[in-house]
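>>> Provided below are the primary sequence and the corresponding predicted coordinates.
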2 protein chains.
Amino acid sequence: MNLVKREQTAIDSLEARCHQMGMRITGQRKVIAQTLVDAEDHPDAEQLHERVREVDHTISIATVYRTLQFLEKLQLIAKRDFGDGRARFEISMTPRDHHHHMIDIESGEVVEFYNQELEDLKIRIADELGYDLVDHHLELFGTRLRGETLGEQEP
Amino acid sequence: MNLVKREQTAIDSLEARCHQMGMRITGQRKVIAQTLVDAEDHPDAEQLHERVREVDHTISIATVYRTLQFLEKLQLIAKRDFGDGRARFEISMTPRDHHHHMIDIESGEVVEFYNQELEDLKIRIADELGYDLVDHHLELFGTRLRGETLGEQEP
DNA sequence: TTACATGCAAAATATTTGCGTAGGA
DNA sequence: TCCTACGCAAATATTTTGCATGTAA
């Protein structure tokens, strides 16, 4: 029941923020937010549109884009760039969970990670440059190690 | 004379790589590469096109895009994303000089920085995840600190 | 009721590509 | 000479927007 509880919390959080900002919580916005909560990957606008239409066939791509902008402004989701032409989106309702991405340049696979040392270092760097850190993006691009380090073997 | 020397080295490096790859070094490519060497900012394709046309009025936007792809493949330039819709480009002929960007979200100003600790940490993180780090992008977004830390004051 | 949100379609942006010609090696 | 690269214009891809209508509060 953990998953259900987390999802409801996320939607509650969406509703709370909407009210806070004096904005309406519509059926479309709920479906789009819920779809992002359920997503275990990093869909782009079009992929999201497809998924959302499985629930509500009438939702347009314009609404998807408008809702994504809206959710981003509310800081409920984050926009990412993995180097291909389109923006990708993911839920970021829990501010503690600021992870980053390791992208396999051969397979396109994306692994998320979190590293406290990195978080601390970035705040320190920004501070040394005379800035207050508001957001940051980090993407690592690489290829899988073979053998030695992990003892893994390709078939 | 330092600047002149560095610029020539960069263009030499371009010519060497072109030959290595069996590709032609054309007038357009030289102008585009030189313009990127001279750029002290991070121009997008259209800004680059404007600058390049001041030197050779006939260079088309298609050639700018094709040359940017080409130079990126040769790892002579790097593509960046600062969160607005377009890709930005910068010279990266010297592999040691792997810097990152601190972006002022109020003014749009971009400050470059390099931090050895960060470089080491990223390699370590990738390794721990089972990857060999090939490339990485880091952008910090923030607002200027007031007072305390730097003793700077707004007017 | 009444502003804000939506769907649709067109527009705006950003980038890529087909094709016939030009030009570097 | 020969093949790559070019300019042009059209195509594609992604995202935004104007407008009339719908709907949450």
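Perfect, thanks for sending it.
>>> in chain A, which strand has the most residues?
strand A:131-144 (DSSP state E).
>>> what about it and DNA strand D, any contact?
No: judged by CB under 7 Å from any atom of the strand, strand A:131-144 stays clear of DNA strand D, getting no closer than 14.7 Å. C-beta coordinates here come from the backbone N, C-alpha and C atoms, glycine included.
>>> chain center to that strand: distance?
13 Å (CA atoms, centre = their mean, to the nearest Å).
>>> surely A:Gly27 meets A:Asp56?
Yes: using CB atoms under 8 Å as the test, A:Gly27 is close enough to A:Asp56 to be in contact (6.9 Å).
>>> Who has more neighbours out of the two?
Higher neighbour count among A:Gly27 and A:Asp56: A:Asp56, with 14 against 11, using other CB atoms under 10 Å in any protein chain shown.
>>> how close does the more buried one sit to DNA strand D?
Going from A:Asp56 to DNA strand D by CB to the nearest atom of the strand, to the nearest Å gives 11 Å.
>>> go on, A:Val31?
Shown here: A:Val31 relative to DNA strand D, a distance of 12 Å by CB to the nearest atom of the strand.
>>> doesn't A:Phe82 fall inside a helix?
No: under the criterion used here (DSSP: H, G, I helix; E, B strand; the rest coil), A:Phe82 is coil, not part of a helix.
>>> could you pull out the helices for chain A?
Ranges of helices in chain A, per DSSP state H, are A:2-20, A:27-38, A:45-55, A:61-73, A:116-128.
>>> looking at these, which is buried most?
Compared across the helices of chain A, helix A:27-38 shows the largest average neighbour count, a mean of 20 (mean count of other CB atoms under 10 Å in any protein chain shown).
>>> and the helices of chain A, which one is worst for confidence?
Out of the helices of chain A, helix A:2-20 stands lowest, with a mean of 63 (criterion: mean pLDDT).
>>> what's A:Lys79 in contact with, if anything?
Applying CB atoms under 8 Å, 6 or more residues apart in numbering or on different chains, we find A:Lys79 in contact with A:Leu68, A:Glu72, A:Ala87, A:Arg88, A:Phe89, B:Gly83.
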